[in-house]
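Q: with the sequence up front, the predicted model follows.
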2 protein chains.
Amino acid sequence: MKKAIILLSGGLDSSTTLYYAKNKGYDCHALIFDYGQRHKREISSAVVQAKRLKVPYEIIKIKLPWKGSSLLDKKAKVPTNRKMKGIPSTYVPARNTIFLSFALSYAEAIGARVIFIGANAIDFSGYPDCRPKFYEAFQKVIKEGTKAQKIKVLTPLIDLSKAEIIKLAIKLKVPLDLTWSCYMGGKKPCGICDSCKLREKGFAGLSSFEP
Amino acid sequence: MKKAIILLSGGLDSSTTLYYAKNKGYDCHALIFDYGQRHKREISSAVVQAKRLKVPYEIIKIKLPWKGSSLLDKKAKVPTNRKMKGIPSTYVPARNTIFLSFALSYAEAIGARVIFIGANAIDFSGYPDCRPKFYEAFQKVIKEGTKAQKIKVLTPLIDLSKAEIIKLAIKLKVPLDLTWSCYMGGKKPCGICDSCKLREKGFAGLSSFEP
């Protein structure tokens, strides 16, 4: 079985990606980040997903001494009901670059040749590090900057709408009720942050869908 | 004054880079990593360099749950007197990608538009992430994956020989006696690891040099 690293946040997209990779027959190793996110709650969702699939996981604890994002600063306001224009304040500087670099190190160390990330560039928050061009650029970094050189970053959800992701999740039997999308730090999803709104949009788009 | 992030290990190259950036008039912010290196001793050298120049610094603590390098595994043998062929066991998977990704995040968060790294591709250990092509590739990642887009990675030492780096260091008044290069975990430099050998080679190349 081919080893793969899966970046797992516990949200809808990364959980679906985990099930997708598992379904494709990969020997999955999940990588979870505790990076000071206000929605720390997502970490336990990630752990639950990994455990249900009996996938080994590692939690990387990162203490960033800087903020620069409303996701890292509990005193900052998380945007709600915003129009999808520009890069929102929830953007965390270079977050996916940091996550991928750890995944890359992990992959090299254990001999995995694939990294899965549930990035999506259709119904997304406008983050630059969720677009295909970023992953193409990172692929070059792998080629030029590692010993292994041939590790592939796969983004199976990148061109799907949120509704299509949910359809895929249902098909793969992802326990959607156990995934966590909300950016706020509360015990229940707020329903009004970007992430909740995108999730809602996805479910709304399912209306014509027959499971 | 323009802000810059300096990746500082406390070794000869990164210390020289710090003095170089300072000399160029940058408002320097040093980033030091405690990543489980067996030569943890270098961290105090880095701190000493930053303090001498009154440069603010941050230490990022990273606990990698994997090894994959003789620099991370105290039980592994560090190569000594090896011929300069191939990538040595001291290569740490994706280390400079991880370091740069944090520097990038820091730069975006505080509004720095330059990152300095003391990578060198002439008298070096054979690490792929010390070569110009890696930095060109990472530059593309910055363009495609960040909000700031225009942060430059500068590698002023990349084409210098070790002797040339030492000449530059002397010119910039880097306290060479306070830098630390040795890979081993000892209290004194071992004199036989790759890093000690390269340093020695640099000083040997100075013989014709008049300070």
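A: Structure's in. What do you need? Bear in mind the structure is a predicted one, so any value in this text is a computation, not a measurement.

Q: in chain A, where is pLDDT below threshold?
A: Flagging of chain A using pLDDT under 70 yields the residue ranges A:81-84, A:207-211.

Q: please, where are all the strands along it?
A: A:3-7, A:27-34, A:57-61, A:114-116, A:152-154 (DSSP state E).

Q: so for chain B, which of those sits nearest?
A: strand A:57-61 (4.5 Å; C-beta to the nearest C-beta). In this view, the C-beta of every residue, glycine as well, is placed from N, C-alpha and C.

Q: what's whichever helix in chain A runs longest packed up against?
A: What stands out as the longest helix in chain A, according to DSSP state H, is helix A:95-110. Applying 3 or more C-beta pairs under 8 Å, 6 or more residues apart in numbering or on different chains; DSSP states H and E, one finds that helix A:95-110 contacts strand A:3-7, strand A:27-34, strand A:114-116, helix A:132-145, helix B:95-110, helix B:132-145.

Q: in a markdown table: the strands of chain A, plus distance to B:Ile158 and mean neighbour count.
A: Below are those laid out as a markdown table (distance: least, C-beta to C-beta, whole Å; neighbours: other C-beta atoms under 10 Å in any protein chain shown):
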| stretch | distance to B:Ile158 | mean neighbour count |
| --- | --- | --- |
| strand A:3-7 | 30 | 25 |
| strand A:27-34 | 31 | 22 |
| strand A:57-61 | 30 | 17 |
| strand A:114-116 | 28 | 25 |
| strand A:152-154 | 26 | 18 |
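
Q: in a markdown table: those strands, plus distance to chain B.
A: Converted to a markdown table, these look like this (distance: least, C-beta to the nearest C-beta, whole Å):
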| stretch | distance to chain B |
| --- | --- |
| strand A:3-7 | 10 |
| strand A:27-34 | 9 |
| strand A:57-61 | 5 |
| strand A:114-116 | 11 |
| strand A:152-154 | 12 |
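
Q: A:Ile170: how many residues sit nearby?
A: Applying other C-beta atoms under 10 Å in any protein chain shown, we find 14 residues neighbouring A:Ile170.

Q: tell me how far it lies from B:Val78.
A: 52 Å (C-beta to C-beta, to the nearest Å).

Q: same deal with A:His29?
A: Distance, A:His29 to B:Val78, by C-beta to C-beta: 27 Å.

Q: same check on A:Ile59?
A: Distance from A:Ile59 to B:Val78, by C-beta to C-beta: 29 Å.

Q: quick one: stretch A:10-28 to chain centroid distance?
A: Remark: stretch A:10-28 is offset 11 Å from the chain centroid, using C-alpha atoms, centre = their mean, to the nearest Å.

Q: buried ones in that stretch?
A: In terms of neighbour count (16 or more other C-beta atoms under 10 Å in any protein chain shown), stretch A:10-28 has its buried residues at A:10-22, A:26, A:28.

Q: equivalent analysis for stretch A:121-128, please.
A: For stretch A:121-128, by 16+ other C-beta under 10 Å, it's A:Ala121, A:Asp123, A:Phe124, A:Ser125, A:Gly126, A:Tyr127, A:Pro128.

Q: tell me, which of these make contact with chain B?
A: Contacts with chain B within the buried residues of stretch A:121-128, as defined by C-beta under 8 Å from any C-beta of the partner chain: A:Pro128.
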